[in-house]
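[1] Here is a sequence with its predicted model. Questions after.
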Amino acid sequence: MNKIINKNMKNNTTFEDIKHVDSNDNEYWNARELQAVLDYKEWRKFEGVINKAKNACINSNIEVSEHFVGIDKTIKMPKVQQKKLTIIS
C-alpha cells in the first residue's frame with residue numbers, strides 16, 4: 001500500500017500500519033489512529049468528518065452500526081485521575 005504523505009510525521013504511516021484484525025479476521029481501524037494518519041490536529045474536527053460519514057450511511061440506507069462502533073477506553077491522567085475516552089472503530 002502507498003505511504004500517506006504527511007510532512008509533520010517523522011515516520012510516514014499507511015492504513016495497513018494501523019489496521020487491526022479481530023478474532024473473526026475482520027479488519028478495522030480506530031478513529032483516533034486514523035486522525036493522526038490523516039493529519040487532523042483536533043479530535044473535534046475529525047469527529048465532524050466521522051459524523052458526515054455516518055450521515056452518508058443513513059442517506060444510503062446502510063446500517064451505521066455495521067461500519068461504526070463506539071468503544072470507551074479509560075486513560076490515566078496526571079495526579080492519579082482517570083478519564084473515559086471514546087474511540088470509534
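    In hand now; what should we look at?

[2] Name the strands paired with the helix or strand containing Ile71 and say parallel or antiparallel.
    Following DSSP states H and E, the helix or strand that holds Ile71 is strand 70-76. Sheet partners assigned to strand 70-76 using DSSP bridges are listed as strand 82-88 (antiparallel).

[3] and the strand it pairs with, average pLDDT?
    Averaged over strand 82-88, pLDDT sits at 69.

[4] What segments of this structure are strands?
    20-21, 27-28, 70-76, 82-88 (DSSP state E).

[5] by contact count, what packs against the longest helix anywhere in the chain?
    The longest helix of the chain (DSSP state H) is helix 43-59. Secondary-structure packing of helix 43-59 (3 or more CB pairs under 8 Å, 6 or more residues apart in numbering; DSSP states H and E): helix 31-37. (Each C-beta comes from the backbone N, C-alpha and C, glycine too.)

[6] I'd like the distance between the nearest residue to Phe46 once chain neighbours are set aside and Asp17.
    Leaving aside its sequence neighbours, Phe46 sits nearest to Tyr40 (CB to CB, 6 or more residues apart in numbering; 3.9 Å). For Tyr40, the distance to Asp17 (CB to CB, to the nearest Å) stands at 17 Å.

[7] Comparing the two, which residue is more hemmed in?
    Tyr40 (17 against 13; other CB atoms under 10 Å).

[8] isn't that one right up against Glu47?
    No - contact between Tyr40 and Glu47 fails when scored by CB atoms under 8 Å: they sit 9.1 Å apart.

[9] If you count neighbours, what's buried in stretch 50-66?
    Within stretch 50-66, the residues that count as buried by 16 or more other CB atoms under 10 Å are Lys54.

[10] ends of that stretch, how far apart?
    14 Å (CA to CA, to the nearest Å).

[11] and it, how far from the chain's centre?
    The chain centroid and the centroid of stretch 50-66 are separated by 15 Å under CA atoms, centre = their mean, to the nearest Å.
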